[in-house]
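# give me a model of this one.
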Amino acid sequence: MMTYTINSLTCTKLGNTEDENEDAYIITQPDNSHGYIRMAIADGATESSFSKEWAELLVCYFYGFEYKNNSFLDNIHPFLKRHWLQRVSADDLPWYAQQKLELGAFATFLGVDVNLETGECNIIAVGDSNFFAFRGNELKTSFPVERAADFGNTPFLISSEPHKNKAERLFSEQVLQLIPGDTLILATDAISYWMLSEVEKGNKPLNYLQQLLSNEKSKGSFSGWLQEQRENSTIKNDDTTILLIQFSDGTT
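Below you'll find the predicted structure:
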């Protein structure tokens, strides 16, 4: 069975407080009966109201449900919408907030399931939160966005309003086989764009990110580095979340 280490970090955009971070993520560890890990990130759309709460629900319930085109809208979505409305509805909401509430919330989503015994990795995605698989220093898979130029301002989003989702294009899926030594990254769009741009320039962003995320002390360095990149317009000033998972064969 493969073993692994996980490093994670989420940083709010410059000018906002941590409570205003509209990204969400979850990492579920295996227990004695489940030899897999399940991870998810979601990026709430700033243009919609209560997208932070919607993103949090999407990642929270990924552990217990199968997010599939043929079941999500009919079975899971009504349950999630009820929980979202319970969290955000209030009698004292001003009229304009109530109007935005009725329009619904939106978020990108990326979910990853890894079987630690077989190495099978299942990925589902909506929008431009992105998955990367590295073997050594070489990028083997980038999904669902494959090129930096493909990032835009209108990614697919999951809405809290069912009629605004189209089942035939809701989830994109991919399956790949992992081996010990592989490294995975799940990231929201701003840092994903930077990573693909670096790869396309012939650089090795994985080495840099591994150093910046290697321990709790260095995560402060990552935050400082990210702030500098934002100020230099190298990375978009947006909420940024990254999960980095390194696999081994359990012998070291």
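
# would you list every one of the strands in the protein?
Assigned by DSSP state E, the strands in the chain fall at 3-11, 23-28, 36-44, 106-115, 120-126, 130-135, 138-143, 158-159, 172-177, 182-187, 240-248.

# correct me if wrong: residue 59 contacts residue 26.
Yes - the criterion here is CB atoms under 8 Å, and residue 59 meets it with residue 26 at 4.4 Å. C-beta: built from backbone N, CA, C; applies to glycine.

# pLDDT score assigned to residue 197?
Looking at residue 197, its pLDDT is 97.

# and the residue nearest to it when sequence neighbours are not counted, what pLDDT?
Nearest residue to residue 197 in three dimensions, chain neighbours excluded: residue 148, at 4.4 Å (CB to CB, 6 or more residues apart in numbering). pLDDT, residue 148: 96.

# contacting residues around residue 148?
Residue 148 makes contacts with 193, 196, 197, 200, as judged by CB atoms under 8 Å, 6 or more residues apart in numbering.

# with neighbour count as added columns, please give those in a markdown table.
Converted to a markdown table, the contacts of residue 148 look like this (neighbours: other CB atoms under 10 Å):
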| residue | neighbour count |
| --- | --- |
| 193 | 22 |
| 196 | 22 |
| 197 | 17 |
| 200 | 12 |
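
# any low-confidence regions in the stretch 51-200 of the chain?
Applying pLDDT under 70 to the stretch 51-200 of the chain picks out residues 90-91, 95, 167-168.

# where exactly do the helices run in it?
51-60, 69-71, 77-88, 95-103, 189-200 (DSSP state H, counting those that start in this stretch).

# for the last one, packing partners?
Translated: helix 189-200. Packing partners of helix 189-200 (3 or more CB pairs under 8 Å, 6 or more residues apart in numbering; DSSP states H and E): strand 130-135, strand 138-143, helix 205-212, strand 240-248.

# and of the ones you listed, who's closest to residue 17?
Proximity to residue 17, assessed across those by CB to CB, is greatest for strand 240-248 (15.0 Å).

# and that closest one, how far from the chain's centre?
11 Å (CA atoms, centre = their mean, to the nearest Å).

# do the same with stretch 118-131
9 Å.

# same question, stretch 162-180
13 Å.

# for that stretch, which outside residues touch it?
Under CB under 8 Å, 6+ apart, the answer for stretch 162-180 is 2, 67-70, 72-73, 77-78, 81, 104, 114, 119-126, 131, 133, 135, 140-141, 143-144, 156, 158-159, 184, 247-250.

# select only the buried ones of those in ChimeraX?
Those of the contacts of stretch 162-180 that count as buried under 16 or more other CB atoms under 10 Å are selected in ChimeraX with:
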select :2,67,69,72,73,77,81,104,114,119,121,123,124,125,126,131,133,141,143,144,156,158,159,184,247
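
# so who does the most centrally placed residue in the chain touch?
The centre of the chain sits closest to residue 41, judged by CA atoms, centre = their mean, with a distance of 2.6 Å. The contact partners of residue 41, by CB under 8 Å, 6+ apart, come to 23, 24, 25, 59, 109, 110, 129, 186, 187, 188, 241, 243.

# which neighbours do residue 59 and residue 26 share?
The contact sets of residue 59 and residue 26 overlap at residue 40 (CB under 8 Å, 6+ apart).

# what's the span of stretch 89-98, first residue to last?
8 Å (CA to CA, to the nearest Å).

# what about it, distance to the chain center?
With CA atoms, centre = their mean as the basis, the mean position of stretch 89-98 lies at 29 Å from the chain mean.
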